[in-house]
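Peer 1: I need the structure of the sequence given here:
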Amino acid sequence: YALTVTNVLVIEANTTGNPARTDYRSDVLASADWFRFPYPGQWGVPTVSAAGVIAMATGAMAGMLESLGDYYACAEISGAPPIPRHALNRGIMVEGLACFFSGAMGVGNGMTSFSENIGAIGITKVASRRVVLAGGAIMIILGLCGKIGAVFTSLPESVVGGMFCCTFSMIVGVGVSNLRHVDLRLSRNIFIIGVSI
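Peer 2: Down below sits the predicted model:
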């Protein structure tokens, strides 16, 4: 903000602006509605195609696999015991129901666990369920306010990149720390680690 106010980040002639300035996307904030409630069919009648079904099924499978890893990483980073199979099944089922509900309400993305949240737990050291529930309630309420979404949309890409550097470094650290449970004397395990890197 200080670099924008002092004009250190100048806007060059014949350009739309400097993406590092905090006022680069200020028009988004001005044009956003104060309150917006999602409703079914807000983007028109849904269409179904084979390509769409295959793409969404592939994305759902990838999301389920990522969620399984996130559940284990979250348990590891928060010091919880290993997750039982019934809890994993319940978590995947709830994510599936949330995806169905979000699609029915016209939301453009599915609901899944995010590795960034695991990184946030690692950085803040806060893994309380009450905090997560309170944060979820706050996000639902703020999600109905278009101006709040516009503020996040107008964040400069350099700021978002800095946040990603912090959270993804924690994700990689947690992933590497999970390797202590792996027998690295087996060539199979070394191959899997090598291919994934």
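Peer 1: quick one, grab the pLDDT at residue 5.
Peer 2: At residue 5, the model reports a pLDDT of 59.
Peer 1: one more: residue 20?
Peer 2: In this model, residue 20 is scored at 65, pLDDT.
Peer 1: just residue 93 next, same as before
Peer 2: Listed pLDDT for residue 93 reads 90.
Peer 1: burial of it, as a residue count?
Peer 2: 10 (other CB atoms under 10 Å). C-beta coordinates here come from the backbone N, C-alpha and C atoms, glycine included.
Peer 1: again, but for residue 146
Peer 2: 17.
Peer 1: which ones are touching it?
Peer 2: Residues in contact with residue 146, defined by CB atoms under 8 Å, 6 or more residues apart in numbering, are 32-36.
Peer 1: what subset of those is buried?
Peer 2: residue 32 (16 or more other CB atoms under 10 Å).
Peer 1: any idea how far residue 82 lies from residue 97?
Peer 2: 25 Å (CB to CB, to the nearest Å).
Peer 1: that older thread, quick one: which two of the contacts of residue 146 are the most distant?
Peer 2: 32 and 35 (10.2 Å; CB to CB).
Peer 1: name the helix or strand of this structure that has the lowest mean pLDDT.
Peer 2: The weakest-scoring helix or strand in the chain, judged by mean pLDDT, DSSP states H and E, is helix 2-5 (a mean of 61).
Peer 1: now do the buried residues in stretch 126-133.
Peer 2: For stretch 126-133, burial by neighbour count (16+ other CB under 10 Å) applies to residue 127.
Peer 1: hmm, back to that, need the contacts of residue 146 in JSON lines (columns: pLDDT).
Peer 2: Shown next, in JSON lines, are the contacts of residue 146 (pLDDT from 0 to 100):
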{"residue": "32", "pLDDT": "79"}
{"residue": "33", "pLDDT": "83"}
{"residue": "34", "pLDDT": "88"}
{"residue": "35", "pLDDT": "87"}
{"residue": "36", "pLDDT": "81"}
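Peer 1: so what's residue 38 closest to, chain neighbours aside?
Peer 2: residue 105 (4.5 Å; CB to CB, 6 or more residues apart in numbering).
Peer 1: can you report phi and psi for the one you found?
Peer 2: Here is the backbone geometry of residue 105 (degrees, to the nearest 10): phi -90, psi 0.
Peer 1: ok, it to residue 46 distance?
Peer 2: Distance from residue 105 to residue 46, by CB to CB: 12 Å.
Peer 1: tell me the pLDDT of the residue sitting nearest the centre point of the chain.
Peer 2: The residue lying closest to the centre of the chain (CA atoms, centre = their mean) is residue 114, at 4.6 Å. For residue 114, the model assigns a pLDDT of 76.
Peer 1: that one - nearest residue in space that isn't next to it in sequence?
Peer 2: Sequence neighbours aside, residue 70 is the residue nearest to residue 114 in space, at 7.3 Å (criterion: CB to CB, 6+ apart).
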